[in-house]
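Student: need a structure here:
(3 chains)
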Amino acid sequence: MSKLTPVLSAHWDEKDSFTIEAYTRHGGYAASKKALAMDPDAVIQMVKDSGLRGRGGAGFPTGMKWGFIPQGDNKEHYLVVNADESEPGTCKDTPLLMANPHVLIEGCIIACHAIRAKRAFIYIRGEVTHVVRRVNAAIADAYKAGHLGNGIDVTLHIGAGAYICGEETALLDSLEGFRGQPRLRPPFPAIAGLYARPTVVNNVESIASVPAIIANGAEWYQSFGTEKSKGMTLYSLSGHVNNPGQFEAPLGITLREILELAGGIRTGHTLKFWTPGGSSTPIFTDAHLDTPLDYEGVSAAGSMLGTKALQIFDETTCVVRAVLRWTEFYKHESCGKCTPCREGTWWLVQILRDLENGTGTEADLDKLLDLCDNIMGRSFCALGDGATSPITSSIKYFRDEYIAHLTNGGCPFDPVKSTLFAGALNS
Amino acid sequence: MSTAVLNEDVMRSIIARYPRSRSAIMPLLHYVQAISGYVTNEGIEKISELLEIETAEVSAVATFYTQYKRKPVGEYHIGVCTNTLCAVMGGDAIFAALKDHLGIENDGVTADGKVSLEHIECNAACDYAPVVMANWEFYDNQTVESAKSLVDAARAGNPPAPTRGPNRLVTYKEASAVLAGLDDGLAREGVQAGEPTLLGLKLSKEGK
Amino acid sequence: MTTTQESAVAVEMITVVIDGFEVSVPKGTLVIRAAEKLGIQIPRFCDHPLLDPVGACRQCLVDIEINGRAFPKPQASCTIPVEPNMIVKTQLTSPVADKAQKGVMELLLGNHPLDCPVCDKGGECPLQNQAMSNGHAQTRLDGYKRLFEKPINISSQVLLDRERCVLCARCTRFSDQIASDPFITLNERGALQQVGIYEKDPFKSYFSGNTVQICPVGALTGASYRFRARPFDLVSTPSACEHCASGCDMRTDVRRGKTLRRLAGDDPSVNEEWNCDKGRWAFKYVTATDRLTQPLVRNSAGELVTASWPEALAAAAAGLKGKRAAVLTGGRVTLEDAYGYSKFARVALGTNDIDYRARITSDEEREFLAAFVAGSSTTYRDIDSADHVLLVAFEPEEESPIVFLRLNKNFKKRGLKVTAVATKQSIAMDKLKADFIKVAPLSEPAAVANIALTGKSIILVGERASESAGLFSAVAALAAKTGAKVGYIPRRAGERGALEAGALGTVLPGGRPVSDAAARVDIAAAWGVENIPTQPGRSSSDILAALTRSELDAVVVGGVDAHDLPESSAALAALKKAFVVSLEIAPSSVTAVADVVLPVAAVTEKSGSFLNWEGRARGFDAAVADSLHRSDVRILSMLADALGNPISLASVSAAAREFSQLGKWDGARISFTPVSATSSPAVSGDQAILTSWRRLLDMGTLQRGEDNLAGTRRPTVAVISPKRANQIGISSGQQLRISNSHGSITIPVLVEDIHDDAVWIPRNSFASQALVALEAAHGQVVTVVKA
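Tutor: Residues are numbered from 1 along each chain as shown, chains lettered A, B, ... in the order given. All right, here's what the predicted structure looks like:
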């Protein structure tokens, strides 16, 4: 039996999978019809029972989040879908929305019903023109078909290039027309979110998982996954592998299993390090090949499941270069609000550059770690924490490689060897 | 520079999407880029007027987001992903080659105004690395050569279609209109997914 | 320090332990402030008690546990309210908090320039101070620093050195949350984030100076103080603002006899920690080169020539002796000086002919003042608890900016409902989302009559109500009908004090009615004189008319500019005819026609007190210790001696002591006789009814020489309605000509929300001095055409 369990991705291989025709052909919008006939609290209970946890990185139980919305408060409630997929390595929501935007819209309808919201916003990053087209067209078609506009509305909001807007409160500020900087909590979005109204913010994959749960039942969903990490999810495999791509599998699958499916590490090479859930999650090495990729398993091994963005790097990759580049990313994307993240990333980049160039000293490594200690847990939001993860984890596993840059007077690696077209260039 | 005029009716229709007008600031800024190719002072002032907020509040937002440009970019704005994974897999080489090939630096525009270049952060297509974006359309699995021919064709006015996108590459202004939420009728064009997206599904069907 | 006794309200107290010490604080108190109560100073930058918590700088991290459960990481003490069973460990007892704070400090200093030796903030800089107390001695960050072009002017009076900025966002939050002027914002992102303006719109906020004051580094500086002094060279004196009746607590910093800057003081009951830019930056008039330093006496050739004090006093006494003389005091004198004028009129001149109102006045207003305002106490705190505030003939931001800030605070924090009866929409009304009851000039009374108020409402009425007959009567009637409280807000700082001091024809000190025999006996006894004149005095306009008709011969004038008077040319002619003794700080339209000019001290050179619109006193000492100038009261006392009718007020403190001993009148006030309203004049064609008020920043004499301040004035525009603009065929920005038989004003037009019959112009702005050019201000018919 296959280790893979395509549910979200079940019909992506049909040419017209993104159309309302294809979606309805496979039973689309039946789940929302079923849910709308249910008591909203029963829908919330069903999602709670399913064990679905947030797929945006934090893994918070989705049904519980919905249950936080005050009822009978005579205020507007909002659902906001976080489609600002920007965490390095993360590439699941984008193909999902390109191949099947309707599953998200149906999920929105169900979630809105459950939390007594009349309106959902889908906040999609701005750098994906064609995905925007697909989602916009799908919304229009859903209106035409009467799925939307009868008490539940969905509005597409398009970002403009800011990683921080993936942070839910920054996303809300951005959606309200401000600079996308995180808000002070409390109040939490469930109490005062969008326009200071009770708001649920969920990741695309979380909401898209809901129709299948409603259609097949909580027990069905529960039957996949591990004890505390239920259901199936999209694992995104990228980097130095023979066959990168999306793998929808029950939570708890291991990288070794996925790599076997994907034809292994790039032929002739070996695994050096990898991220389990994007660049903000501490890196793993080949010692972690059998770590169950569920929330608990990855956490126990010292990292986070995050967005299940499995970025694979083989032995040709310089870890210092990789970490420097991620750190430059965090510096570029720091929103500027708090000191540790804004100023810290500025100096981390400089120190890492010196280390990569071989102009640093061994003392710089300690300085780097101490700066990370002054950023981690001191910043306003998790972006600062994320910026330290690659640094501290890479020094933990590859301190010698950092030192080698110093003794070598520069980077000992040939960057050409790690490129996809290394063979072509060499020949 | 464009002399095209901001259409107040369109702008008001964008504002009408939201329960509170200020939320429209981002699509309105995209719309200004759709008309002028970048965020002009005229655009900032018009948005300030329509949303009844200060110009400073508009420019505060406009300068926060990377996609809003305060000076003109090319008709085809090329973004090379140089975040770690793409960089390692060839993005760095592609970016260096394009700079050299076009004779411009990061954020530069070719003299003919056709092509501008920017190194970009992760664009959520890591399984297609290395990735190049043109007007925020996907060009997957790029090489130095493919990227060079992309920009050459763009300068000649006949860029190839995106890997995952419509049948033709729209201009920067046209793409900006899409990002402003305006329909260009191209949603049905192009593939529903590339091979990597379908890999797991395919393997599953093969029983693996 | 002036405080009002607050009625005790039961507040839930919470006890927490900080660094091993227990402290009980009201529920909702932030940890950082609970620590202050114990004298534990947690370092901070973004935190400001009057701004919403933001938690941005992360300097104030402390370890917290609640009910035995510790937060996994240090928390920003500026964002967390105390809770029961909370244990806080600051840098003093937690190595983790100490390291976290030192780590943040290192990062803040990393990109901060080492230019303290040339930075204006040096010596009073929170960054400098806290780097010493909570930072490492050495930096480990030796790469390249962030650089910016320096400095940039964000307005003509505020400069920004971006590389010094620590991005605490106090300035931007102040501008947005307190002033509702979000003209400065955070721009860009990440390490490049910076404070800035939109390139074409400078930081033209009336309150911009507060951002300079609360900047915790030297990033924002005021053009007038930049590179002028070191804080340790300055002598600071608590002072009271002389610019309006808001009543701000201030601090005046002087170096070697010269005021170099003024700062907002901290009075939670009044200005909190804010002030307006006029209060902060208009003080050069004191050191203007044309200050009067010597007495002047008009010689036989008709020229004013320098004289000695004895000569001048003798000449003044000779000119006043046996004459029918009156007193005009202007609205800027201190309480003590006003008391001096009040007593001088009654004792030295034997008359009740005194009026402090050097402006458009009415007898209706004078009755209103005597009946309802003298001795009354509507306060800022009343605004804090009001259910509804009605603004009548009062534009708060222009005419009493701290009242505006208080209204705005209540609007923002609790949605205070504000209604304005006015001829024209204003920026403040817009900010306050005020319900705008639009009326034609002179039609205000009818509109006021219909406003629904309650006993918890406040009516704030400005002195301009005297310009619409029946308006004070309508306010009095509305207050009587609804139980709403009335706050009368004059524009000038000295007016309320002058009223209480009795510098008004119908009022004796302490609010005693002249018409009340017992009140007169009170005062006569206290002053040791036979009696107080029984005849109620003339108003300022009647005094001028009497001078014109030779029913009066002489007048003692203190701080009056004829151009503030309704018929200025007639007023000047009247003064020219009379024997005039002028007490002034600088040459003016009155000194030009005076017979004796006696130089007096400016506010920073003397002690005294002002009563603000609430009637709240704020005393101050001389900020400039060694000034040779004397306060008005001392000169009046000398003049009274020369007249042989001593008033025995040899010093400001003597005047203050005597006034306070008199106490307040506890007898009946005069009864108020309502005045009926007149209707607005009918206009047609090119005619419009003029309406105007003063801008905060304008051609006021106390703003002389302040070019940087003047650069942030609101533009001079004439306002007409869209309908009229359509009729005239004019659009915003084009020139409009407003004229009458006296003259004309031609300025750009702004098409805005104003009554169709009206045209508004600034009353005393550059190119638009209504009382000079048109001798009209409100309610008169003018001709309005496209220029």
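
Student: A:Thr129 contacts B:Gly165, correct?
Tutor: Yes - contact criterion CB atoms under 8 Å: A:Thr129 and B:Gly165 qualify, at 7.0 Å. C-beta here means a position set from N, CA and C on the backbone, and glycine is covered the same way.

Student: Start and end of stretch B:111-131, how far apart?
Tutor: 25 Å (CA to CA, to the nearest Å).

Student: Could you do stretch B:103-115 as well?
Tutor: Terminal-residue distance, stretch B:103-115 (CA to CA): 11 Å.

Student: anything in it sitting right up against chain C?
Tutor: No - judged by CB under 8 Å from any CB of the partner chain, stretch B:103-115 makes no contact with chain C; its nearest approach is 13.4 Å.

Student: what's in contact with that stretch?
Tutor: For stretch B:103-115, contacts defined as CB atoms under 8 Å, 6 or more residues apart in numbering or on different chains pick out B:72-78, B:99, B:102, B:116-119, B:151, B:154-155, B:157.

Student: Go through that stretch and flag the buried ones.
Tutor: Judged by neighbour count using 16 or more other CB atoms under 10 Å in any protein chain shown, the buried positions of stretch B:103-115 are B:104, B:108-110, B:114-115.

Student: if you average pLDDT over that stretch, what comes out?
Tutor: In this model, stretch B:103-115 has a mean pLDDT of 97.

Student: and if you look at stretch C:206-221?
Tutor: 98.

Student: is chain A contacted by it?
Tutor: No - Stretch C:206-221 stays clear of chain A (CB under 8 Å from any CB), getting no nearer than 12.4 Å.

Student: returning to what we had before: need the overlap of contacts for A:Thr129 and B:Gly165.
Tutor: B:Glu137.

Student: roughly how far apart are B:His30 and chain A?
Tutor: 7 Å (CB to the nearest CB, to the nearest Å).

Student: meant to ask about C:Phe21, not that
Tutor: Distance from C:Phe21 to chain A, by CB to the nearest CB: 25 Å.

Student: Number of residues surrounding that residue?
Tutor: Residues lying near C:Phe21 (other CB atoms under 10 Å in any protein chain shown) number 13.

Student: Then C:Ile747?
Tutor: C:Ile747, neighbours per other CB under 10 Å, totals 20.

Student: Tell me the secondary structure at it.
Tutor: At C:Ile747, secondary structure determined by DSSP: H, G, I helix; E, B strand; the rest coil is strand.

Student: I'd guessed it sits against C:Ala770; true?
Tutor: No - with contact defined as CB under 8 Å, C:Ile747 does not count as touching C:Ala770 (11.0 Å).

Student: Next, show the common contact partners of the two.
Tutor: With CB under 8 Å, 6+ apart as the test, C:Ile747 and C:Ala770 both reach C:Ile761.

Student: Can you report how many residues lie near residue 58?
Tutor: You didn't pick a chain, so chain A it is. That count, for A:Ala58 with other CB under 10 Å as the rule, works out to 14.

Student: that's the other chain; I wanted chain C
Tutor: Neighbour tally, C:Arg58, other CB under 10 Å: 32.

Student: quick one: low-confidence ranges for chain A?
Tutor: Residue ranges of chain A with pLDDT under 70: A:1, A:423-427.

Student: at 80 instead, please
Tutor: Chain A contains residues with pLDDT under 80 at A:1, A:422-427.

Student: In it, which residue is most central in space?
Tutor: Chain A has A:Thr307 as the residue nearest its centroid, 3.5 Å off, counting by CA atoms, centre = their mean.

Student: ok, now which ones touch that one?
Tutor: A:55-57, A:85, A:87, A:89-90, A:92, A:236, A:277-278.

Student: Let's see that with 10 Å instead.
Tutor: By CB atoms under 10 Å, 6 or more residues apart in numbering or on different chains, the contact list for A:Thr307 reads A:55-57, A:85-93, A:166, A:203, A:205, A:233-236, A:275-278, A:280-281.

Student: Show me the residues you listed that map onto strands.
Tutor: Judged by DSSP state E, the subset of these located in strands is A:203, A:233-236, A:275.

Student: for the closest residue to chain C within the stretch 101-250 of chain A, helix, strand, or coil?
Tutor: Closest to chain C within the stretch 101-250 of chain A is A:Leu184: 5.5 Å, counting by CB to the nearest CB. Assigned by three-state DSSP, the conformation of A:Leu184 is coil.

Student: From A:Tyr123, how far off is it?
Tutor: 20 Å (CB to CB, to the nearest Å).

Student: Which one of those two is surrounded by more residues?
Tutor: Taking neighbours as other CB under 10 Å, A:Leu184 and A:Tyr123 compare with A:Tyr123 leading, 25 against 14.

Student: looking at it, the more buried one is touching A:His157, isn't it?
Tutor: Yes - using CB atoms under 10 Å, A:Tyr123 makes contact with A:His157 at a distance of 4.9 Å.

Student: which residues does residue 204 contact?
Tutor: All of this refers to chain A. By CB under 10 Å, 6+ apart, the neighbours of A:Val204 are A:8, A:55-56, A:81-85, A:92-94, A:96-97, A:101, A:103-104, A:107, A:122-124, A:135.

Student: could you do chain B instead?
Tutor: A:1-6, A:9-10, A:247-249, A:261.

Student: ok, and the closest non-adjacent residue to it?
Tutor: Closest residue to B:Ser204 apart from its sequence neighbours, by CB to CB, 6 or more residues apart in numbering or on different chains: A:Leu4 at 3.9 Å.

Student: ditto for A:Thr254
Tutor: Per CB to CB, 6+ apart, closest to A:Thr254 is A:Asp290, 5.1 Å.

Student: measure that neighbour to C:Tyr341 for me?
Tutor: For A:Asp290, the distance to C:Tyr341 - CB to CB - is 95 Å.

Student: Those two: which is more packed in?
Tutor: For A:Asp290 versus C:Tyr341, neighbours defined as other CB under 10 Å are more numerous around C:Tyr341 (30 against 12).

Student: Helix or strand: which one has the more buried one?
Tutor: helix C:335-343 (DSSP states H and E).

Student: helices or strands next to the helix or strand following that helix in the packing?
Tutor: Going down the chain from helix C:335-343, the next helix or strand is strand C:354-355, by DSSP H and E. Counting contacts by 3 or more CB pairs under 10 Å, 6 or more residues apart in numbering or on different chains; DSSP states H and E, strand C:354-355 packs against strand C:325-328, helix C:335-343, helix C:495-501, helix C:540-548.

Student: circling back to that earlier point, wait, which of the ones in strands among the contacts of A:Thr307 is closest to B:Arg12?
Tutor: Among the ones in strands among the contacts of A:Thr307, A:Asn203 lies closest to B:Arg12 (CB to CB), at 32.4 Å.

Student: What parts of the stretch 151-300 of chain C come near chain B?
Tutor: Contact residues, the stretch 151-300 of chain C versus chain B (CB under 10 Å from any CB of the partner chain): C:154, C:172, C:175-176, C:180-190, C:192-203.

Student: Kindly give a single PyMOL line that selects the buried subset of the residues you listed.
Tutor: Those of those that count as buried under 16+ other CB under 10 Å are selected in PyMOL with:
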select buried, chain C and resi 154+172+175+176+180+181+182+183+184+185+186+187+188+189+190+192+193+194+195+196+197+198+201+202+203
